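Novice: the following comprises the amino acid sequence and a computationally predicted model.
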Amino acid sequence: MLNVMKPIKYNPSFLTDLELISSFVVRKAEFDSIIETISENTGQSNSHVLVIAPRGFGKTMLIQRVATEVRTSNELSEKWYPIVYGEESYNVTSAGEFWLETIFHIGEQINDDNWRKAYSELKKEPDNKVLHDRALGRVLDFADQIDRRLLISVENLNMLFNEILTDEDGWALRHTLANEPRIMLLASATDRMNQIDNIGKALFEQFRTIKLDPLNEQECEKVWISITGNKPKDRRMRAIEILTGGNPRLVAIVSAFGANLSFRE
């Protein structure tokens with residue numbers, strides 16, 4: 001008897017660890033590759049990862065699944081602590097606020113009023129350079145306090161750099177990523193960024209990129225089975241692959257409402 005998964009109606013961020021692990025049926029190769037990179041980050045500088053794909057292709061699910069693995073794996077959790085930003089980091093308008101956002105999520109994850117107070121106080125700092133140094137310092141202090149490296153997950157990094165952050169902010173972030181072994185960045189983007197492709201930009205060659213391709217017919221079937229609990233009775237999966245363009249979110253939606261219908265229906 002196959003286990004029937006409830007359709008994912010909300011952001012994967014709201015799933016429990018068990019639900020996330022059970023729901024994660026595709027993108028296994030990309031998951032293994034990211035976990036391998038994390039495990040190999042043991043030196044004085046880290047490799048950072050950027051996941052690139054259009055919306056609905058599973059970037060959030062993949063990043064959340066990696067964070068869950070880091071949180072629940074005995075080996076990884078001894079060395080790493082995951083900090084996951086919200087899908088849209090609208091509060092970040094400078095490099096200093098980037099690290100301030102990290103402080104906010106630390107306070108929320110450990111449910112500590114002292115960290116919430118630190119966030120509120122630093123938020124009032126008018127000098128961006130002072131804010132950057134103080135906020136980053138607090139983040140690194142936290143890493144030292146728990147004696148673990150920090151895996152910071154940020155979605156839509158292209159939005160931050162294309163629409164909000166300046167070149168100066170980019171260089172400040174590059175300096176930290178290139179020189180600080182206590183921090184690894186796992187980010188996502190909806191397309192390739194000028195910042196990573198242009199030799200004159202701050203984030204050039206700072207990331208190992210992983211591109212998420214459309215699901216093939218076999219992968220679409222895995223999503224179908226995880227949601228319906230049954231193998232498809234006809235050859236509908238090839239048609240669904242074409243209809244959805246291999247978009248995992250659309251495949252999940254079609255699977256949820258079409259499980260008990262004939263293909264014609």
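Specialist: Cool, the structure landed. Numbers count the residues shown, from 1 in each chain.

Novice: could you pull out the helices for this structure?
Specialist: 17-23, 28-40, 59-72, 74-77, 95-110, 113-122, 128-146, 157-159, 167-179, 194-197, 217-228, 236-244, 248-258 (DSSP state H).

Novice: would you mark the buried spots in the third one?
Specialist: Yep, that's helix 59-72 we're talking about. Residues 59-71 are the ones in helix 59-72 that count as buried (16 or more other CB atoms under 10 Å). Glycine gets a C-beta too; all of them are placed from N, C-alpha and C.

Novice: next: the fifth one.
Specialist: For helix 95-110, the buried set under the neighbour-count rule, 16+ other CB under 10 Å, comprises 95-107.

Novice: just the closest of the residues you listed to residue 136, please.
Specialist: Nearest to residue 136 out of the buried residues of helix 95-110 is residue 99 (CB to CB; 4.5 Å).

Novice: quick one on the thing from earlier: now mean pLDDT and distance to residue 206 too, for the helices of the chain, in TSV please.
Specialist: Shown next, in TSV, are those (pLDDT from 0 to 100; distance: least, CB to CB, whole Å):
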stretch	mean pLDDT	distance to residue 206
helix 17-23	88	28
helix 28-40	98	13
helix 59-72	96	18
helix 74-77	96	23
helix 95-110	95	14
helix 113-122	96	25
helix 128-146	97	17
helix 157-159	89	11
helix 167-179	94	6
helix 194-197	85	7
helix 217-228	93	30
helix 236-244	92	33
helix 248-258	87	27
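
Novice: for those helices, which one sits closest to residue 48?
Specialist: Comparing the helices of the chain under CB to CB, the one sitting nearest is helix 167-179, at 5.7 Å.

Novice: list of residues touching the closest one?
Specialist: Helix 167-179 is contacted from outside by 45-46, 48, 94-95, 98, 132, 136, 161, 165, 183, 185, 195, 201-203, 206, using CB atoms under 8 Å, 6 or more residues apart in numbering.

Novice: check contacts around residue 219.
Specialist: Residue 219 touches 26, 246, counting by CB under 8 Å, 6+ apart.

Novice: ok, now how distant is it from residue 242?
Specialist: Separation of residue 219 from residue 242 (CB to CB, to the nearest Å): 14 Å.

Novice: likewise residue 85?
Specialist: On the measure of CB to CB, residue 85 and residue 242 end up 35 Å apart.

Novice: out of those two, which sits in the busier spot?
Specialist: Set side by side, residue 85 and residue 242 show more neighbours around residue 85, with 22 against 11, by other CB atoms under 10 Å.
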